[in-house]
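K.L.:
Need a 3D model of the following:
(chains A and B)
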There are 2 protein chains.
Amino acid sequence: MAKNTEKRTDVNELGEFGLIEHLTQDFPIKNKSTYKGVGDDAAVIDNGKMMTVVSTDMLVEGIHFDLMYSPLKHLGYKSVIVNLSDIYAMNATPKQITMSLAFSNRFSVEALEEFYSGVRLACERYNVDLVGGDTTSSPKGIIISVTAIGEVEKDRLTYRNTAKVGDLMCVTGDFGAAYLGLQILEREKQIYVSSPGVQPDLEDQSYLVGRQLKPEAQKDMIEGFRKADLIPTSMIDVSDGLASEIFHICKQSGVGAFVEESGVPIHPDAEMMALKFKIDPIACALSGGEDYELLFTIDPKDVEKVKYIAGIYIMGEIVEASQGIKLHTKGGNIHPIKAQGWKHF
Amino acid sequence: MAKNTEKRTDVNELGEFGLIEHLTQDFPIKNKSTYKGVGDDAAVIDNGKMMTVVSTDMLVEGIHFDLMYSPLKHLGYKSVIVNLSDIYAMNATPKQITMSLAFSNRFSVEALEEFYSGVRLACERYNVDLVGGDTTSSPKGIIISVTAIGEVEKDRLTYRNTAKVGDLMCVTGDFGAAYLGLQILEREKQIYVSSPGVQPDLEDQSYLVGRQLKPEAQKDMIEGFRKADLIPTSMIDVSDGLASEIFHICKQSGVGAFVEESGVPIHPDAEMMALKFKIDPIACALSGGEDYELLFTIDPKDVEKVKYIAGIYIMGEIVEASQGIKLHTKGGNIHPIKAQGWKHF
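P.N.:
Numbering: from 1, shown residues only, chains lettered A, B, ... in the order given. This is a model prediction of the structure:
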């Protein structure tokens, strides 16, 4: 019946970002209200007074999460947070979400209630409304698709591709913890699978495990920017790993970056656990992913404004593209940074 | 690790609509801009001048489609259409879509290109922009999630819950053909599975098969309403089956309906094929689903306006809720209509 396509290129040859770029390249914009299409954290629709910002993400069981150690309530919460994070990355305020869910018959109404209790908690904390969605069955596992909608004044919109040479590079929190939390959970899972009687004790690792299972989005920071009368020159949220996001900003802005290792915030628990796992803490911080912090750049004249917002770290500066993207290590060496974000293919 | 929830209620006890209602009941609306949340074809966001209308749908391989007989290009096209249909059902004009896709490693770049060529064709024909989305892998099969965004003036918005006693009930096309197209494809699949050498001849059934594999949304009708200066009193798109949608309008509006069997449009090919399959054609029309026509009601004073729009059929009227939802058969009998829409659980 449906015939096989003859040529077969594996998607891994293009990678996730290459694939999206390739598949969406022949889609010209036709509507005046489409202010920004594919290529940033979110799309932007011009509604006259305010700009509407739209972002969507899909989470698949067995790829993005493991129900062996992700409680359904946490999963519901996190699936909202990862989308709100994209809206904040545009310097916008999320207002609505839609939630679509496909699930196999192993999920009961009570299990779905657990999931939705997490969704509800995120909606309450972040002041967003659940306005729609879809529920359907799946032959296997649970698949979650969330669309988040936000708004922002046109002159406060912040893109990825507008960093300028001389700008300071800032972040809103620490890195690597969520990745290490995942490693702990994976290790406990292996122990549980081989000896089901052994109960894991994750109490000591609550910070790392919490960063993995129940991340937060940067609502307070966006509100802080507004109060401080600050508009970043560029911004992105850190979902795929700090290094990968630095590359996005630099590539799309046509600039390079110089990052101080001593300026990259790492939580003491992450530092300790990285050493326990025999991984370099800075490697976890740069390549771990799922931190849901914001990476942004500011004009140097705004440096005083940043000082009045708690929890912001200046970790480097934007340089000419020809200077590359480099890390100045604590030991005084200079290394090129490699973009090793999460690849789900 | 994650413990099982003790009580276990099967989702089938609630049904799809009951489940959505149950899971979303404790989500109060917090934002002023949220004009309409869960419960219609789409959510509505108030942006001041225009209203933004948002709808989302998830399509799962093995549940909503079968790649044995759904070419990927058609699937891409259809996955856009089913979402645009929800936007038209609000009397709005779709402007943007996001497309998220999870797929297993059996799909090549060329296969995805086929899918996106269908998406592109739908975007061109319906004048909508692809503005975002997500691609990721899945352990099994392909899962599609589309969000469509449209706009409409506040005074043209049309809901499901605003039909009034005395209104005329209208539809934009014929019913049952997509369902019969699916039966033909399923029959051919069985033949193919048992005798792979036999090639199916679907030429004679191009209307029915086309209605299943490559439906269209009602762009022309919405434009026709505008030209005729008509605003329906209520509207819904027919995805789950005509009977099911009549029930939605009646239940949500607190009214009943009286439908003339002779007024329900059925294509001659559908009539013939139904008889071949030994099914009553009106049963196909009422319960088939996936027609993507519009079901709407109008004030009787607007009946002249409807006459100037080609392809609209008046098939009944809205009555008091106490009179129920009934079909007046060609044979002169009166039967209660049962809501037997598609159930994907």
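K.L.:
Enumerate every residue touching residue A:311.
P.N.:
When the contact criterion is C-beta atoms under 8 Å, 6 or more residues apart in numbering or on different chains, the partners of residue A:311 are A:172-173, A:220-221. Quick note: C-beta positions are derived from backbone N, CA and C, even for glycine.
K.L.:
give the contact list for residue A:119.
P.N.:
So residue A:119 contacts A:76-77, A:79-80, A:99, A:130 (C-beta under 8 Å, 6+ apart).
K.L.:
Swap in 10 Å and give it another go.
P.N.:
Contacts for residue A:119 (C-beta atoms under 10 Å, 6 or more residues apart in numbering or on different chains) come out as A:73, A:75-80, A:97, A:99, A:101, A:130, A:133, A:144, A:146, B:23-24, B:27.
K.L.:
Which ones among the residues you listed lie within helices?
P.N.:
A:73, A:75-80, B:23 (DSSP state H).
K.L.:
for those, which one is nearest residue B:139?
P.N.:
residue A:75 (16.5 Å; C-beta to C-beta).
K.L.:
Now do the contacts for the closest one.
P.N.:
A:59, A:61, A:64-67, A:114-115, A:118-119, A:142, A:144, A:213-214, B:2.
K.L.:
Kindly recompute the last result at 6 Å.
P.N.:
residue A:65 (C-beta atoms under 6 Å, 6 or more residues apart in numbering or on different chains).
K.L.:
try residue A:149
P.N.:
A:54, A:96.
K.L.:
Just give the number of residues close to residue A:26.
P.N.:
Using other C-beta atoms under 10 Å in any protein chain shown, the number of residues around residue A:26 comes to 12.
K.L.:
can you check residue A:32 too?
P.N.:
The tally of other residues near residue A:32 (other C-beta under 10 Å) stands at 8.
K.L.:
pretty sure residue A:272 is in a helix, no?
P.N.:
Yes - looking at residue A:272 with DSSP: H, G, I helix; E, B strand; the rest coil, it is inside a helix.
K.L.:
Please parse chain A into its domains.
P.N.:
A:32-156, A:168-336 (automatic domain parsing).
K.L.:
Next, the distance between the ends of the last one.
P.N.:
Read that as domain A:168-336. 18 Å (C-alpha to C-alpha, to the nearest Å).
K.L.:
Can you give me the neighbour number for residue A:13?
P.N.:
11.
K.L.:
Using PDB, write out the CA atom coordinates for stretch A:310-321.
P.N.:
Provided in PDB are the C-alpha atoms of stretch A:310-321 (Å, rounded to 0.1, in the frame of the first residue of the first chain):
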ATOM      1  CA  ALA A 310      19.500  38.800  43.700                       C
ATOM      2  CA  GLY A 311      20.800  35.600  42.200                       C
ATOM      3  CA  ILE A 312      22.400  36.900  39.000                       C
ATOM      4  CA  TYR A 313      25.900  36.000  38.100                       C
ATOM      5  CA  ILE A 314      28.200  37.600  35.600                       C
ATOM      6  CA  MET A 315      30.300  34.800  34.000                       C
ATOM      7  CA  GLY A 316      31.800  36.200  30.900                       C
ATOM      8  CA  GLU A 317      31.600  38.600  28.000                       C
ATOM      9  CA  ILE A 318      30.700  38.700  24.300                       C
ATOM     10  CA  VAL A 319      33.600  39.000  21.900                       C
ATOM     11  CA  GLU A 320      34.200  39.100  18.200                       C
ATOM     12  CA  ALA A 321      33.100  35.900  16.400                       C
END
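K.L.:
Can you report phi and psi for the residue nearest the centre of chain A?
P.N.:
Chain A has residue A:239 as the residue nearest its centroid, 2.4 Å off, counting by C-alpha atoms, centre = their mean. The phi and psi values for residue A:239, taken as degrees, to the nearest 10, are phi -110, psi -40.
K.L.:
again, but for residue A:67
P.N.:
phi -70, psi -10.
K.L.:
any weak-confidence spans in chain A?
P.N.:
Counting by pLDDT under 70, chain A shows low-confidence ranges at A:1-6, A:203, A:340-345.
K.L.:
Just list whatever residues bridge to residue A:94.
P.N.:
Judged by DSSP bridges, the bridge partners of residue A:94 are residue A:150.
K.L.:
show me where the stretch 51-200 of chain A has strands.
P.N.:
Per DSSP state E, counting those that start in this stretch, the stretch 51-200 of chain A has strands spanning A:51-60, A:93-103, A:129-137, A:142-152, A:168-171. These are given in chain order.
K.L.:
need the residues of the stretch 151-300 of chain A near chain B, please.
P.N.:
With C-beta under 6 Å from any C-beta of the partner chain as the criterion, the stretch 151-300 of chain A meets chain B at residues residue A:192.
K.L.:
Can you name the residue of the stretch 151-300 of chain A nearest chain B?
P.N.:
Per C-beta to the nearest C-beta, residue A:192 is where the stretch 151-300 of chain A lies closest to chain B, at 5.8 Å.
K.L.:
what about that residue, how many neighbours?
P.N.:
16.
K.L.:
where's residue A:106 relative to residue B:253, distance?
P.N.:
Separation of residue A:106 from residue B:253 (C-beta to C-beta, to the nearest Å): 37 Å.
K.L.:
Looking at these two, which one has more neighbours?
P.N.:
residue B:253 (22 against 11).
K.L.:
hang on, that one packs against residue B:163?
P.N.:
Yes - between residue B:253 and residue B:163 there is a contact at 4.0 Å, judged by C-beta atoms under 6 Å.
K.L.:
Against residue B:140, how distant is the closest residue to residue A:7 other than its chain neighbours?
P.N.:
The shortest distance from residue A:7 to any non-neighbouring residue, by C-beta to C-beta, 6 or more residues apart in numbering or on different chains, is to residue B:110 (5.2 Å). Residue B:110 sits 20 Å away from residue B:140, going by C-beta to C-beta.
K.L.:
In TSV, list the ones in helices among the contacts of residue A:119 along with distance to residue A:199.
P.N.:
Formatted as TSV, the ones in helices among the contacts of residue A:119 follow (distance: C-beta to C-beta, whole Å):
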residue	distance to residue A:199
A:73	20
A:75	21
A:76	24
A:77	24
A:78	24
A:79	27
A:80	29
B:23	31
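K.L.:
Pull the most distant pair out of those residues.
P.N.:
Largest separation among the ones in helices among the contacts of residue A:119 by C-beta to C-beta: A:78 and B:23, giving 17.5 Å.
K.L.:
starting at the chain centroid, how far to stretch A:264-280?
P.N.:
Here stretch A:264-280 is found 20 Å from its chain centre; the criterion is C-alpha atoms, centre = their mean, to the nearest Å.
K.L.:
list the buried ones in that stretch?
P.N.:
By 16 or more other C-beta atoms under 10 Å in any protein chain shown, the buried positions in stretch A:264-280 come out as A:264-267, A:269-271, A:273-274, A:279.
K.L.:
And stretch A:194-205, by the same measure?
P.N.:
A:200, A:202, A:205.
K.L.:
now swap in stretch A:225-240 and tell me
P.N.:
Buried-residue list, stretch A:225-240, by 16+ other C-beta under 10 Å: A:225, A:228, A:230-240.
K.L.:
do the same with stretch A:41-56
P.N.:
For stretch A:41-56, burial by neighbour count (16+ other C-beta under 10 Å) applies to A:41-47, A:50-56.
K.L.:
Likewise for stretch A:300-318?
P.N.:
Buried-residue list, stretch A:300-318, by 16+ other C-beta under 10 Å: A:302, A:305-306, A:309, A:312-313, A:315-318.
K.L.:
now do stretch A:173-187
P.N.:
Within stretch A:173-187, the residues that qualify as buried by neighbour count (16+ other C-beta under 10 Å) are A:173-185.
K.L.:
How about residues contacting it?
P.N.:
A:69, A:205, A:208-209, A:211-212, A:242, A:265-267, A:270, A:273, A:277, A:284-285, A:288, A:290-291, A:293.
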